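>>> Fold the following for me, if possible:
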Amino acid sequence: MAGPAEEQQQQHADFRKYLPDLSTPRFQAIAQNDAKGHSRELLEHHRPPWLYGLYVHWRKLFEEPFRGVTSDGIVRAPPSPLFPLRDEGVPAALIAAAAQHVIALLSPAQAVRTLLHIDSPEWRSWSNPEFLLSDKGVRLEELAPAQRESVLGLLEKTLSPEGYAKALAAMRINHFLGELVNAPRVMNQHSYNFVLFGTPVADRPWGFSFYGHHLCLSVFLHKGQIVISPWFTGAEPNTIDAGPWKGTRILHEEERLGLELMQSLSEGEKKTATVYREMKDPAMPKGRWNHDDQRHLCGAYRDNRVVPYEGVVVSALGPAQQALVKQILNEYLLYLPARARELKLQDCEEWFKETYFSWIGGHGEHDPFYYRIQSPVVLVEFDHHSGVFLANSEPAKFHIHTLLRTPNAGDYGFALRKQVQGVVSQEYVWEE
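A predicted model of the protein is given here:
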């Protein structure tokens, strides 16, 4: 008899039941396009109403001054900073040198597109669909091999080893999906844009954005300190079952630990944690579910989202359950180098008295679900999705979206930049 782990793996492998009909106009069109042609086809010619409406809405959100994700619309400014300047042991000089190597290989035309001001609003114009909404910087698939390796080398030196492995896995799974649906020029392991903000030196703030389908990383660095937030990581499917990368799998630990935590709650705690019983619940207010994000709230262009606290307070749970919360957060902080991750976990634990765990959906072994962990210093989301390229009309465990935000203006290193620069960026509104 198969155990829970084997059952979970089988559910993730079931995606082949939902391979789409590639003879339909949609898949015929995408097969004939590259990423830029695909975007023009969708946004300028075909214009599906839900997609074009989303695009217009996202651009309106982008025009808002940055405030940051909050629980009540007010950015917290306690007597001591939520996000203090500190040494997190990040090898600033090594990472800056890797970025300088990227710059040295850029042509003048590439440099104009790629090297932006530290306060550029384009920090915020990332997105995770396969179609390009903001085509800035350089795109890996269009680079010479040495240039592409320099960007990946910067990513490798910046992230933890396990975080870099996870990023590579997401890129390879994206490539696998492109092969499954005959769209290799739109979705492949190199269909990602890279943009650099500020001057990469060891003693001043700078950062970069790396974004594309199902993998978006916003990285801020200052001396020995790092912020990787917001980030988005997804997969459809989340496992590769054939080819040279067979066995690659991501996001299953976030799934396993979240379900284990929910199942460990008492009946009363489960009731409190459960915000909606169904994944698309009739009780949801307008906008709580949408075609693109489905249940998650803090994805692309949602920099100023007000997300009220919901669910159970983590400090009221038992030691074993609090340990599970820490394990979940450790998975979500995996991109950070070890010492930075350790310090961020300590920050999170200090706020367990104001950390909420909430849930949507069932909590049986086969049930799809959504969960969120939210506090003043971190917000993470997990969501099982219905098919975008695969044909499942209901949420399935092989299509997963995950993301992390740093509330109260922590995203993009804004709260740290305010302290370093001593001035407020024009793109930033601070609530005192």
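>>> is residue 384 in a bridge, and if so with what?
residue 400 (DSSP bridges).
>>> How about the contacts made by the closest residue to residue 394 other than its chain neighbours?
Spatial nearest neighbour of residue 394, chain neighbours left out: residue 386 (5.6 Å); criterion: C-beta to C-beta, 6 or more residues apart in numbering. C-beta: built from backbone N, CA, C; applies to glycine. Neighbouring residues of residue 386 by C-beta atoms under 8 Å, 6 or more residues apart in numbering: 294, 392, 393, 394, 395, 396, 399.
>>> OK, contacts around residue 304?
61, 64, 66, 67, 68, 69.
>>> Am I right that the first one falls within a helix?
Yes - Residue 61 forms part of a helix when assessed by DSSP: H, G, I helix; E, B strand; the rest coil.
>>> Report how many residues lie close to it.
Burial of residue 61 is recorded as 15 neighbouring residues (other C-beta atoms under 10 Å).
>>> let's have the chain start at 51 instead
Sounds good: first residue 51 from here, last item residue 111.
>>> gap between the residue nearest to residue 444 and residue 88?
21 Å (C-beta to C-beta, to the nearest Å).
>>> Likewise for residue 145?
Residue 145 is 33 Å from residue 88, by C-beta to C-beta.
>>> and what of residue 442?
22 Å.
>>> again with residue 345
From residue 345 to residue 88 the distance is 26 Å (C-beta to C-beta).
>>> show me what contacts residue 142?
Residue 142 neighbours (C-beta under 8 Å, 6+ apart): 252, 253, 271, 272, 273, 274.
>>> go with 6 Å
252, 273, 274 (C-beta atoms under 6 Å, 6 or more residues apart in numbering).
>>> Tell me the one of those nearest residue 213?
residue 274 (17.3 Å; C-beta to C-beta).
>>> The closest one touches residue 135, doesn't it?
No - between residue 274 and residue 135 no contact is recorded; they are 9.9 Å apart, counting by C-beta atoms under 6 Å.
>>> thinking again about what came up before, filter the contacts of residue 354 down to the buried ones and hand me the ChimeraX line.
Buried residues among these (16 or more other C-beta atoms under 10 Å), as a ChimeraX selection:
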select :116,117,118,119
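>>> Which member of the contacts of residue 354 is positioned nearest residue 361?
Of these, the one sitting nearest to residue 361 (C-beta to C-beta) turns out to be residue 119, at 16.6 Å.
>>> And the strands in the protein?
Taking DSSP state E as the criterion, the chain carries its strands at 165-166, 188-189, 242-247, 256-262, 265-272, 275-285, 324-326, 362-363, 406-411, 419-424, 429-434, 450-455.
>>> how near is the nearest residue to residue 435 once chain neighbours are set aside to residue 284?
Leaving aside its sequence neighbours, residue 435 sits nearest to residue 449 (C-beta to C-beta, 6+ apart; 4.4 Å). The gap separating residue 449 from residue 284 is 8 Å, by C-beta to C-beta.
>>> Next one: the residue nearest to residue 197 when sequence neighbours are not counted, what pLDDT does it get?
With sequence-adjacent residues excluded and distances taken as C-beta to C-beta, 6+ apart, residue 197 is closest to residue 155, at 4.8 Å. For residue 155, the model assigns a pLDDT of 98.
>>> re earlier: out of the contacts of residue 354, the closest to residue 233 would be?
residue 111 (27.8 Å).
>>> In this structure the closest one contacts residue 350, no?
No - if you go by C-beta under 6 Å, residue 111 and residue 350 don't touch, sitting 9.1 Å apart.
>>> Find out how far stretch 192-206 is from the centre of the chain, if you would.
21 Å (C-alpha atoms, centre = their mean, to the nearest Å).
>>> again with stretch 272-279
17 Å.
>>> what does that stretch contact?
137-140, 142, 253, 255, 269-270, 385-386, 390, 454, 456, 461, 463, 470.
>>> what is the most centrally placed residue in the chain paired to in the beta sheet?
In the chain, the C-alpha nearest the mean C-alpha coordinate belongs to residue 282, at 0.9 Å (C-alpha atoms, centre = their mean). Beta-bridge partners for residue 282, by DSSP bridges, are residue 266, residue 453.
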